[in-house]
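got a predicted structure here, sequence first:
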Amino acid sequence: MNDLKERLAATPLAQLDVSNPRLYERDEAGAYFARLRRESPLHYCAESDYGAFWSVTRFDDIVKVNSSDSIFSCNYELGGHVLGYQKMFRDNGVDARMFQSTDAPKHTEQRKAIAPVVARASVREMEDTIRRLCVAILDDLPVGDVFDWVEHVSVELSTQVLAKLFDFPWEERHLLTRWSDVAVTEPGFGIVSSWEERRASLEACFGKFAELWQQRAAAPPANDLLSLMVHSDGTKDLSPEEFLGNLINIIVGGNDTTRNSLSGAVLAFDSFPEQWQRLRADPTLAATAAPEIIRWQTPISHMARTALADFTIRDTTIRKGDRVAMWYISGNRDETAIERPEDFIIDREKARQHLSFGFGAHHCVGFRVAELQLQIAWEEIARRFSRVEIVGEPVRVCSNIIHGYRELPVRLHR
């Protein structure tokens, strides 16, 4: 920690680059963002592996930018919805055009296609299914032995629910996890070793879903995500690039948010054991614990936009054409907007006052499913185990997009 403080203090403000994925792998990004919030809440990074960009790090400023859809564009032709979109989804042999990287009205039409399955009423109908899946996973865990929580709980639950949403072949469901990991990483960061390997994996994703698409098209409309896309006016005529992009969008959104929040919650309860005891005493507190977990973990570190016109904020003008990164991971720790933001409080007032799902037209369409999975999981965990003991250092994802974990060794106590 002292070494980090010394390095950070010795770095000129203008040279801070919070887009470096290694900061997240080493769990150092929080200190960088604390400095930016204090000294430069709207910070310009002139040189990075993703080009020049502005960092927006305060809660209220992020809300302002995120809600200004007519000024700040997600369009993939202009840079897309994350830093590095061009590198990962337009160059290097992959052309994936996500609805998350489009603006209204196109974004609105494609979003409508999947909205019914994640609407409030549909999510309530999922509760029994999610609980059944969760219970089966938890009851199969090796109590007393050391195992990897990420592999055996977080990945399993999020992947099984996603497979149900897609009506994806059950015995092949772990392909969804693989494709999700590949989609949000570059070569050299622990998932794929080359752009060719990455492209081949995403082509396999496209091929499998193209086969399933044909099956759904030949069948009557159903209520799974793929059938809704096949039979919706807004998505039934997608180009191959749009089809692949939307698949990646849904797979990553449906997988990584829940997966890494399930893992992050273990660290949260370990860091704040009094909150774990409160949940054990009253598992119904999982209802407010779920959004607090999502805030505390912030599974998506940032979203990006491109300015369509000059825009002034904090007496600083972002120029037309500038790239802007909204760091949700920083805004969710902003002490000017959230009381005791570093603390984990399972019955926090205004628990949903966080940035993790975004704002405006691009607010996460599947937020109810994510919250429900976390609520059910921690209700059932609290009823079964006296402690989820962390027995080794977590291995974190090397990414400035996904804030998560590759490994988390634990031991369960009955």
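Arrived safely.

so what's the residue count around the nearest residue to I250 once chain neighbours are set aside?
Leaving out its chain neighbours, the residue that sits closest to I250 by Cβ to Cβ, 6 or more residues apart in numbering is L225, at 6.3 Å. To be clear about C-beta, it is placed using only N, CA and C from the backbone, and glycine gets the same treatment. Residues within reach of L225, counting by other Cβ atoms under 10 Å, total 26.

in contact with L225, which residues?
L225 is in contact with 114, 117, 165-167, 250, counting by Cβ atoms under 8 Å, 6 or more residues apart in numbering.

so which of those residues sits lowest on pLDDT?
Lowest pLDDT within the contacts of L225 is found at V117 (63).

helix, strand, or coil at M303?
strand (DSSP: H, G, I helix; E, B strand; the rest coil).

thought it was touching V65?
No - at 9.5 Å, M303 and V65 do not qualify as touching, with contact defined as Cβ atoms under 8 Å.

which residues are common contacts for the two?
By Cβ under 8 Å, 6+ apart, M303 and V65 have these common neighbours: M326.

quick one: low-confidence parts of the chain?
Low-confidence segments of the chain (pLDDT under 70): 1, 117-121.

how far does whichever helix in it runs longest sit from its chain's centre?
With DSSP state H setting the assignment, residue counts place helix 240-271 as the longest helix in the chain. The gap between where helix 240-271 is centred and where its chain is centred comes out at 5 Å by Cα atoms, centre = their mean, to the nearest Å.

number of residues surrounding the residue nearest to D270 when sequence neighbours are not counted?
Once flanking residues are discounted, D270 sits nearest to I390: 5.1 Å by Cβ to Cβ, 6+ apart. Neighbour count for I390, taken as other Cβ under 10 Å: 17.

what does the one 4 residues further on give?
Counted with other Cβ under 10 Å, the burial measure for P394 works out to 20 neighbours.

can you give me every residue that contacts it?
Neighbours of P394 in contact, by Cβ under 8 Å, 6+ apart: 263, 267, 405, 407-408.

can you map out the helices along the stretch 1-150 of the chain?
Using DSSP state H, counting those that start in this stretch, the helices assigned to the stretch 1-150 of the chain run over residues 2-10, 21-25, 29-39, 59-67, 85-89, 106-114, 120-139, 149.

give me the helices and strands touching the last one, please.
The reference is to helix 149. Applying 3 or more Cβ pairs under 8 Å, 6 or more residues apart in numbering; DSSP states H and E, one finds that helix 149 contacts helix 240-271.

what helix or strand is the closest residue to R280 other than its chain neighbours on?
Here the nearest residue to R280 in space, its sequence neighbours aside, is A382; by Cβ to Cβ, 6+ apart that works out to 5.0 Å. Counting by DSSP states H and E, the element that carries A382 is helix 367-384.

who's in contact with that helix?
Outside helix 367-384, the residues that touch it by Cβ under 8 Å, 6+ apart are 118-120, 123, 126-127, 130-131, 134-135, 138-139, 153, 157-158, 161, 165, 254, 257-258, 261-262, 265, 276, 279-280, 283-284, 286-287, 289-291, 293-294, 357, 364, 388, 414.

which among those residues count as buried?
Listed as buried from the contacts of helix 367-384 are 118, 123, 126, 130-131, 134, 138, 153, 157-158, 161, 165, 254, 257-258, 261-262, 265, 276, 279-280, 283, 286-287, 289-291, 293-294, 357, 364, 388; burial here means 16 or more other Cβ atoms under 10 Å.

what about V192, neighbour count?
Counted with other Cβ under 10 Å, residues neighbouring V192 total 19.

residue contacts, it?
Taking Cβ under 8 Å, 6+ apart as the definition of contact, the neighbours of V192 are 182, 185, 198, 201.

in helices, which of those appear?
Using DSSP H, the members of the contacts of V192 that fall within helices are 182, 198, 201.

dump those residues to CSV, plus distance to G234.
Below are those laid out as CSV (distance: Cβ to Cβ, whole Å):
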residue, distance to G234
V182, 27
R198, 29
S201, 27
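
most surrounded residue in the residues you listed?
For the ones in helices among the contacts of V192, the largest number of neighbours (other Cβ under 10 Å) sits with R198, at 21 neighbours.

isn't that residue right up against V94?
Yes - look at R198 against V94 with Cβ under 8 Å: they come within range, at 7.2 Å.

number of residues surrounding A14?
Burial measure for A14: 11 neighbouring residues, criterion other Cβ under 10 Å.

do you know how far the nearest residue in space to it that is not next to it in sequence is from R323?
The shortest distance from A14 to any residue other than its chain neighbours is 7.2 Å, reached at A46 (Cβ to Cβ, 6+ apart). The gap separating A46 from R323 is 12 Å, by Cβ to Cβ, to the nearest Å.

who has more neighbours out of those two?
R323 (21 against 10).

for A46 and R323, list the residues in contact with both.
Taking Cβ under 8 Å, 6+ apart as the contact criterion, the residues that touch both A46 and R323 are A52.
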